[in-house]
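Trainee: compute the structure for the input listed below.
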Amino acid sequence: MPRKLPFRVIHVSGQDESYRAAELNYHSPLTKGWQSSRYCLYPQDIVIQLENRSRLRKIQILSHQYLIATKIEFFVGDVPDEQLQDLENARYTRLGYVSLSDNEKTGYKARELKSVHVDAIGLYLKLNIHKNHINKYNIYNQVGIIAINVIGDDIRRPTDLTDPDVYLDPDKRKAIEADPSLEGLYNKPDFISPLDDLAFDMYQDPEIAGIIRKLEKKKQEAVLQERFEYAKKLKAAISELQKVGEKLGKYEVEKRQAVENEDYDKAKLRKVQMDEYRLQVYKELNLPDLLETSGSRHPQVIDLEPIRQATPPRLQEISYRTPPQTPPPRTPYDERPLPAMKNKDSKPTSDSPPPPRTPYDERVLPVKPPPVPEEEDPAPSETNTGITGEPEPMGEKELREASYAIDAFGEPLVSKAYSKTWSYREDALLAVYKHVQESSVSAKEECRNLLKATIFLIKRAIDDKVYSVFKAGLHLLRMILTEYIPKHKLTKQDTIYAVEKTMPNLLHKGGDTAQRNREDAKNFVLEEASLMEVKPTNIVPHECTKPIKLSLAPRQAQTQCEIVEALYLKLGIKSNTGLTVENLMQFCVTALGHNSDKVREVAERIIKDLYKEVRDPVKDYLPPDNEKTRKITLYRQLFEYFDKVDGKPTKTDVKRKRADDERKKQQEIDMLQQQLQQLKDMAAGKQPIDESVLENKKGAPRRPSIASKKMVGTSLHPSLV
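Mentor: Residues are numbered from 1 along each chain as shown. Alright, predicted model coming up:
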């Protein structure tokens, strides 16, 4: 399996004395990385040597946040077998290059991590770093790399009996012996562990990272030994330690910054916090027990031959016992004492010999407690499984995000709105509804603060996936617009704020997969446009007629077009409704370019209805009416509809009439030519004289025609004159 390959930097074309290339040999949150010298010449070269000749699978580069190169080229180097392994004897092969972003969008505060998947054999890796992106922070035209990571497989002869290559087919084994570069192509999975990723080491505390790797190895061994309960504990511990490692890494960076700023009080505080936090986590997770430092409780040799009994003997001896009324608090993993721990806690006696070791794990399995009588209805508490009495605590990010709402409603209520349990979220909205409705605040500024906090929670409720929470959010928003704002006599700007902040969420909900969610969002927007406090502001038509993006999801785009169509039919454009020919046509012309036919159909209907009302101004927003435009089916159908509304024959009708006239004329010509041929035949005596033909000829009006022109110069028999 590909793994993280150790390496060291052996050559660099230039470096800053404070940021030397040796920093690239180690990965940690405190790594400063390499920087080129000031006003250096480009390109700059860095050569690293791997510990062994290896097959490279993945290369990772973590760039500096503002000392950014425009391009980095990769070369893999190898030394021929007959020559000494030295940098001067290396022969390089170009693998390719990567381009780096100028980082302007992030304000030069984020570092770009580039990962490149390759397949190359070699001992050396050379980086050719081109000139820098120019920005106001990079005043010396330098480039910088924070870290380099190489992932791959060592190449070795398959002589070890534990190596799976030994058990290959003879032909494949001979191929590997003939060409060692084929090493790694057989029996080698392509899975790369996340623990080998550069992002793991760069943001994890080094000590915690080492413990996580040990636990991951223990977990893999436990899975092979079918110790799934132990593997489950290890998985939970690894997940918890990853969060702890990131936090300790952050503390370490802050401590170093405090030392650089000579703020030693803060540095000391961070050190104490780190030590206490580390010890607390180790104690809570019981790391010695997880790492099994006292030895494995599971025998290494697993005998699968004996048939296991349907019910283990020890289970038959276990009696049902009434559980305590107040169970112990839950922990991230199961804290039931294992057999080894029991032996430590209990005093050994000579009368009780130790139990014999068995091929399976004889830990006491949990027994289902007797059912609680129906008349006893215990109140829910935090220790019960399922819905707990209090919602889970909010994280630091959530606390910062909801600080405005917490100031208005308190952290307990807002934590319910952020809970993972939908019933808590619904209860929080109902509590907010009651609080806002019964609010007796008189100061305008306090009323506005309460309004902003409520709108923040309403936005989250509209985006909620649970229908009842979504409906509770709409109910709360309706009350805000119809009761709260008029009651406290807030201004139009406050009404506009409430609608403007929630409208994007409502339009986004219009693209939901559930039809009832789409319909409720659509109906609420239409209802909102007619509310007494909202209608004079014209904010709903203004927000809905903003041109859509062509990449917008079809369902959401269709719902927005249907809302605009309903608003137009309901409000019109004659009075001051917020709808004009300009904003409607700009919206519809953009919608005509959407890739969904249903979106285009709604836009066509709006344009046709608008043309019936205002006629020519609509054409000012469409392409010119010419043959080139009419070749496009969409515009041809629109222009033909316009012609039909204007009472003009459409170009299709004109073409059809012209074709009919041509067909009639051709029929007349064919008939005259047929009569002429008959006359010629009769004059030559080939056909008997037909009196009806002569009568038709004499009775026909004499007018110039193609047939008469052809008859000029034709001699007739004297008897026919």
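Trainee: can you pull the contacts of the nearest residue to residue 13 once chain neighbours are set aside?
Mentor: Among residues not flanking residue 13 along the chain, residue 45 sits closest, at 4.4 Å (Cβ to Cβ, 6 or more residues apart in numbering). Backbone N, C-alpha and C define where each C-beta goes, glycine included. Contact partners of residue 45, counting by Cβ atoms under 8 Å, 6 or more residues apart in numbering, are 11, 12, 13, 126, 127, 128, 129.
Trainee: what's the first helix or strand after the host helix or strand of residue 45?
Mentor: Taking DSSP states H and E as the definition, residue 45 sits inside strand 44-63. Going down the chain from strand 44-63, the next helix or strand is strand 71-78, by DSSP H and E.
Trainee: show me how far that next one is from its chain's centre.
Mentor: 32 Å (Cα atoms, centre = their mean, to the nearest Å).
Trainee: with stretch 467-478 instead?
Mentor: That offset, for stretch 467-478, works out to 26 Å (Cα atoms, centre = their mean).
Trainee: kindly report the same for stretch 431-441.
Mentor: With Cα atoms, centre = their mean as the basis, stretch 431-441 stands 37 Å off its chain's centre.
Trainee: which of the residues in it are buried?
Mentor: Applying a neighbour-count criterion of 16 or more other Cβ atoms under 10 Å, one finds 432, 433, 436, 439 buried in stretch 431-441.
Trainee: and it, average pLDDT?
Mentor: Stretch 431-441 shows a mean pLDDT of 90.
Trainee: which residues are contacting it?
Mentor: For stretch 431-441, contacts defined as Cβ under 8 Å, 6+ apart pick out 409, 413, 416-417, 447, 450, 454, 457, 472, 475-476, 479-480, 483-484, 488.
Trainee: again, only this time at 6 Å
Mentor: Stretch 431-441 is contacted from outside by 413, 447, 454, 457, 476, 484, using Cβ atoms under 6 Å, 6 or more residues apart in numbering.
Trainee: keeping just the C-alphas, turn it into PDB.
Mentor: C-alpha atoms of stretch 431-441 as PDB (Å, rounded to 0.1, in the frame of the first residue of the first chain):
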ATOM      1  CA  ALA A 431     -40.700  29.700  21.500                       C
ATOM      2  CA  VAL A 432     -39.400  32.500  19.400                       C
ATOM      3  CA  TYR A 433     -42.800  33.000  17.900                       C
ATOM      4  CA  LYS A 434     -44.300  33.400  21.400                       C
ATOM      5  CA  HIS A 435     -41.500  35.600  22.600                       C
ATOM      6  CA  VAL A 436     -41.700  38.000  19.600                       C
ATOM      7  CA  GLN A 437     -45.500  38.100  19.600                       C
ATOM      8  CA  GLU A 438     -45.600  39.000  23.300                       C
ATOM      9  CA  SER A 439     -42.600  41.300  23.200                       C
ATOM     10  CA  SER A 440     -43.300  44.700  24.800                       C
ATOM     11  CA  VAL A 441     -40.100  46.400  23.800                       C
END
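Trainee: now for residue 656, how many residues are close by?
Mentor: By the criterion of other Cβ atoms under 10 Å, residue 656 has 11 neighbours.
Trainee: got a list of what the nearest residue to residue 583 once chain neighbours are set aside touches?
Mentor: Distances taken as Cβ to Cβ, 6+ apart place residue 545 nearest to residue 583, at 4.4 Å, with adjacent residues excluded. The contact partners of residue 545, by Cβ under 6 Å, 6+ apart, come to 564, 583, 587.
Trainee: switch to 8 Å and redo it
Mentor: For residue 545, the contacting residues are 564, 579, 583, 584, 586, 587, by Cβ under 8 Å, 6+ apart.
Trainee: quick check: which element contains the third one?
Mentor: Of the helices and strands defined by DSSP H and E, residue 583 is found in helix 581-591.
Trainee: what's in contact with the helix or strand following that helix?
Mentor: Moving toward the C-terminus from helix 581-591, the next helix or strand (DSSP H and E) is helix 597-614. Residues outside helix 597-614 that contact it (Cβ under 8 Å, 6+ apart): 554, 557-558, 561-562, 564-565, 568-569, 573, 581, 584-585, 587-589, 591-592, 594, 618, 634, 637-638, 641-642, 645.
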